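Asks: Model the following, please.
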Amino acid sequence: MPKPVMRIFRAADAPLLSDESADHTMSYAPMSQSTQDGLGRLVAAGINDGAVVKMLFSAPGFSLAYVWFKAHFPLARHSHDTDCLYYIIAGGLKLGTEDLGPGDGFLLPSGTPYTYAVGDEGVELLEFRHTGHFDFRAHGGTAAFWNKAEAVIAANRDAWRATPAPRPAA
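Replies: Here you go, the predicted structure:
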């Protein structure tokens, strides 16, 4: 393996995770048709207006993502195929029974299904992984979840669109 060299990255130049220029850092694991349909409903309802996810850095053995979920973003239960360390920059979330805010964080081992509730201020966080590639594994969702998430999007979409970025690079 070649020795790493110093590299500089700039948030303003970071591609959105969904962009082709993100070097296919994240792939989607196969999912059931009902999960595909549910996620498709959320996309059609405007879920993408509630999030900004950028790959700040990706190289063999390491990746760093910036995530900004706007107020009340409905995060579907999912997991990844690698450990991930999360660090909250601003805003807050509720993970299980724990309220977490700026300076807090959590570690999720590979394969751990999770979701969290995004607070009134939204949440900005960094995701650190010890790999340059990871997957997204949706863990389904009931009809009640998809219906509620769609209602949350409808209730928040206009506010999401009007929310100014918390910092220039976002």
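
Asks: what helix or strand does residue 93 sit in?
Replies: Using DSSP states H and E, residue 93 sits within strand 84-95.

Asks: before we move on, what about residue 135?
Replies: When secondary structure is defined by DSSP H and E, residue 135 falls within strand 134-138.

Asks: May I see the buried residues of stretch 3-20?
Replies: For stretch 3-20, the neighbour count (16 or more other C-beta atoms under 10 Å) marks 14, 17 as buried. C-betas here are computed from N, CA, C, even on glycine.

Asks: repeat for stretch 93-113
Replies: Here stretch 93-113 shows 93, 100, 106, 108 as buried, counting by 16+ other C-beta under 10 Å.

Asks: in the strand holding residue 93, what's buried?
Replies: Using 16+ other C-beta under 10 Å as the test for burial, strand 84-95 gives 84, 86, 88-89, 91-93.

Asks: Please give me every residue in contact with the residue sitting nearest the centre point of the chain.
Replies: Centroid check for the chain by C-alpha atoms, centre = their mean gives residue 67 as the closest residue, at 5.4 Å. Contacts for residue 67 (C-beta atoms under 8 Å, 6 or more residues apart in numbering) come out as 51-53, 123-127.
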